[in-house]
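**Q** coordinates only, no sequence provided:
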Ligand code: HPA
Ligand SMILES: [Zn+2]
């Protein structure tokens, strides 16, 4: 008698996974936002937690970013950053996210007078505690805000110098249209010379040319989003042949109207074309779900197979910055499922 297939929801929960596209500021839950606003006596344009949630209806990336920067304004002292990070890492434990590579946006804080000496100790205290308590693996990606100038990115890199041992990579986020990757070619080259790895958002709202530019001008190891690569067949062939990872964020793409509905999402097209696709939560508090919620949304709306879910979990480790021994370890754990 063949054993019945594991229900897909059970497979999603039990697979070990890595998360590679996650903005720590985007994990700020309305409850914590309101309590920090009270703690610091900050006026927000919301009276209740439900008001906050009901404001999360976005037309595009910019309408989200406006609320995301407003929300981040409640993060003031080291303990706030610790609490933000701690809450997210506890969520990783719940979702079986055994390794995470998280972006943080220094300029969102330094522009308000809050420096690396405040947020870095808060972040790293929570990361070390989670590592000690349940072996959570995590690393940080310092992301430059692309709507700001190249000079501001260089200043940020300078301010980060004492903290470089705690930072694995640099990234590029915020308003994509009109801020192409090549604007940051020199700061990425400097980052590379300092031993930092590189990722960049490209092809979320921006065109496929931005993905070429991230590859050629920024020398990235991964493309964050990249769903608009389907518009360029030569690019698709290139991404597949290089096994260049795409960190796709399904719930984010629906919330920001990149696709109308989850049934229209192109993730299976990308997988079928042989691209190294991964699933990620992006800004889970704003987009309605953490990593397993993203997998579940795919399973509920697309004809995704158990094998494809397992491939996505495998890809999350293959595309990570873990070393080969760690990758082999987690790939062998994924292989135990199905
Ligand atoms: O999804 C995103 N895209 C661009 N910038 C961002 N900053 C936080 N989240 C995002
Ligand atoms: Zn993102």
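**A** That came through, no problem. Remember, predicted model here, so these are calculated numbers, not experimental data. Ligands and ions are numbered 1, 2, ... in the order given.
**Q** helix/strand/coil for residue 33?
**A** helix (DSSP: H, G, I helix; E, B strand; the rest coil).
**Q** my guess is it contacts residue 70, does it?
**A** No. The criterion here is CB atoms under 8 Å, and residue 33 misses it with residue 70 at 9.3 Å. For every residue, glycine as well, the C-beta is placed using N, CA and C.
**Q** what's the separation between residue 189 and residue 223?
**A** Using CB to CB, to the nearest Å, residue 189 is found at 18 Å from residue 223.
**Q** of these two, who's got more company?
**A** When residue 189 and residue 223 are compared for neighbours, residue 223 comes out ahead with 28 against 14, by other CB atoms under 10 Å.
**Q** and whichever residue of the stretch 151-300 of the chain sits closest to ligand 1, what are its bridge partners?
**A** Here the stretch 151-300 of the chain gets closest to ligand 1 at one residue, residue 173, 3.5 Å apart by CB to the nearest ligand atom. Beta bridges link residue 173 to residue 145, judged by DSSP bridges.
**Q** quick check: it vs residue 192, distance?
**A** 18 Å.
**Q** likewise for residue 98?
**A** 28 Å.
**Q** kindly report the same for residue 238.
**A** 21 Å.
**Q** can you check residue 236 too?
**A** In terms of CB to CB, residue 236 sits 26 Å off from residue 192.
**Q** who has more neighbours out of the two?
**A** residue 236 (18 against 14).
**Q** quick one: contacts for that one?
**A** Counting by CB atoms under 8 Å, 6 or more residues apart in numbering, residue 236 touches 229, 230, 273, 275.
**Q** give me the residue from the stretch 1-150 of the chain nearest ligand 1.
**A** Closest point on the stretch 1-150 of the chain to ligand 1, by CB to the nearest ligand atom, is residue 23, at 4.2 Å.
**Q** which outside residues touch the helix or strand hosting residue 123?
**A** According to DSSP states H and E, residue 123 maps onto helix 116-134. Contact with helix 116-134 is made by 24, 75-86, 89-90, 92-93, 104, 106, 109-110, 136-138, 140, 159-160, 162-163, 166, as judged by CB under 8 Å, 6+ apart.
**Q** now the buried members of the residues you listed.
**A** 24, 75-76, 78-86, 89, 92, 104, 106, 109-110, 136-138, 140, 160, 163, 166 (16 or more other CB atoms under 10 Å).
**Q** follow-up on the earlier one: isn't the residue of the stretch 1-150 of the chain closest to ligand 1 right up against residue 284?
**A** No. Residue 23 is beyond contact range of residue 284, at 9.2 Å (criterion: CB under 8 Å).
**Q** residue 245: neighbouring residues, count only.
**A** 25.
**Q** I figured it hits residue 317, correct?
**A** No. At 10.7 Å, residue 245 does not count as touching residue 317 under the criterion of CB under 8 Å.
**Q** next, the residue nearest to residue 22 when sequence neighbours are not counted: secondary structure please.
**A** Once flanking residues are discounted, residue 22 sits nearest to residue 102: 5.0 Å by CB to CB, 6 or more residues apart in numbering. Of the three states, residue 102 takes strand according to three-state DSSP.
**Q** please name the residues that touch residue 102.
**A** 19, 22, 23, 24, 88, 138, 139, 140, 141.
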